[in-house]
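> When you get a sec, could you give me coordinates for this:
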Amino acid sequence: MSLVQFQTNAAELQRHIGNVATGCTACDHETVRPFHAAAGECIFRLRCSPCNFTKENTIQCPSQGICGLVYDLLTRDHAMQDPTWSNVHFERLCNRPCEQINCYISNPGYIDVPAFELLDLTAMIQICTTNKSIKDTLDEHDTRILNQVC
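As a prediction, this is how the structure comes out:
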């Protein structure tokens, strides 16, 4: 994920919700109701693990649904529609690009990495192979080689 993609996500949040500068500190990835739940049908067909749409007892984000929309955007942009939420501080997703990128790292243990330049090679490769925007710029041969390295 590049800064441009973060800015694109921020613009989409702004368009749907309005001011997102403050974000939300009340939600977490396990209980937030996805934004798409309002439509009554799950939009994530490829997802390996159940989307929060199918879970009971989810809550709508009290900050105009911003967390549900972030949940949708990051799930949509993940190649397997299955972000690694354990690598992010969910409450920081609205205003920290590095938090968003960490959800594309498959291995656990990156939750407290504060900046892109501190990520190791394994993390960078996993980001390239799980973030759809980046993966789509690679050809099949490049992706196969990157997957072999991890």
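> Quick one: the helices in the protein, in order.
Assigned by DSSP state H, the helices in the chain fall at 3-17, 66-76, 97-102, 121-130, 132-135, 140-149.
> mean pLDDT for these: which is lowest?
Least confident of the helices of the chain, judged by mean pLDDT, is helix 3-17 with a mean of 67.
> related to what we said a few turns ago, now the helices of the chain as TSV including mean neighbour count and distance to Glu41?
Every residue, glycine included, has its C-beta placed from N, CA and C. TSV is the format used below for those (neighbours: other CB atoms under 10 Å; distance: least, CB to CB, whole Å):
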stretch	mean neighbour count	distance to Glu41
helix 3-17	15	18
helix 66-76	24	13
helix 97-102	23	25
helix 121-130	18	25
helix 132-135	17	21
helix 140-149	11	31
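> got a list of what the residue nearest the centre of the chain touches?
The centroid of the chain falls nearest to Leu74 when counting by CA atoms, centre = their mean (2.8 Å). By CB atoms under 8 Å, 6 or more residues apart in numbering, Leu74 lies in contact with 9, 83, 93, 100, 103.
> Pull the contacting residues for the second one.
The reference is to Pro83. 74-75, 103-104.
> quick one: which two of these are the most distant?
Using CB to CB, the two most remote members of those are Thr75 and Tyr104, lying 11.1 Å apart.
> So Cys27 is in contact with Phe90, correct?
Yes: counting by CB atoms under 8 Å, Cys27 touches Phe90, with 6.3 Å between them.
> Those two - which one has more neighbours?
Cys27 (25 against 22; other CB atoms under 10 Å).
> quick one, what contacts the more buried one?
So Cys27 contacts 59, 61-63, 67, 90-91 (CB under 8 Å, 6+ apart).
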